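Trainee: Sharing a model prediction with you, sequence too.
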Amino acid sequence: FEEEALANSEDVVDAIDAASRAKDVRAIVLRIDSPGGTYPAADAIADAVGRARSAGKPVIVSMSDVAASGGYLAAVRADVIVAQPT
């Protein structure tokens, strides 16, 4: 039995910031599966996405089953969002 990997907003922000600084990272793929969350957490992730893009790293968001509210807000600054039409 494998537990699902969960990350809080601080983990995600730290990972995006580290990837944006890494010279060997050519792009960042962010997988979002979230029913929402808080505005500050979603805004912090969106800001990290914006910083990554400013650093020249393309950001691709892949939305999973749910990417509502804060999940969507975290994605809006990406270069590309991949999601089901529904």
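Mentor: Thanks, I have the structure now.
Trainee: which other helices and strands contact the lengthiest strand in the chain?
Mentor: When the chain is parsed with DSSP state E, its longest strand is strand 59-67. Counting contacts by 3 or more Cβ pairs under 8 Å, 6 or more residues apart in numbering; DSSP states H and E, strand 59-67 packs against strand 28-34, helix 39-54, helix 70-75, strand 80-82. The C-beta positions use only the backbone N, C-alpha and C, and glycine is treated the same way.
Trainee: partner residues bridging the nearest residue to I81 once chain neighbours are set aside?
Mentor: Leaving aside its sequence neighbours, I81 sits nearest to V61 (Cβ to Cβ, 6 or more residues apart in numbering; 4.7 Å). On the basis of DSSP bridges, V61 is bridged to L30, I81.
Trainee: Spit out the contact partners of V61.
Mentor: V61 makes contacts with V29, L30, R31, I32, V49, A74, A75, A78, V80, I81, V82, as judged by Cβ atoms under 8 Å, 6 or more residues apart in numbering.
Trainee: Let's see if you can find the most crowded of those.
Mentor: Each of those was scored for neighbours by other Cβ atoms under 10 Å, and A74 scores highest at 28 neighbours.
Trainee: What separation do you get for the most centrally placed residue in the chain and D14?
Mentor: With distances taken as Cα atoms, centre = their mean, the residue of the chain nearest its centroid is L30 (4.2 Å). In this structure, L30 and D14 are 13 Å apart, going by Cβ to Cβ, to the nearest Å.
Trainee: I'd like to know how many residues surround the closest residue to Y39 other than its chain neighbours.
Mentor: In space, and not counting its chain neighbours, Y39 is closest to G70: 6.7 Å by Cβ to Cβ, 6+ apart. Here the count is done by other Cβ under 10 Å, and G70 has 22 residues near it.
Trainee: Just the angle for the longest strand of the chain relative to helix 39-54, thanks.
Mentor: 150 degrees (axes from the mean of the first three to the mean of the last three Cα atoms, to 10 degrees).
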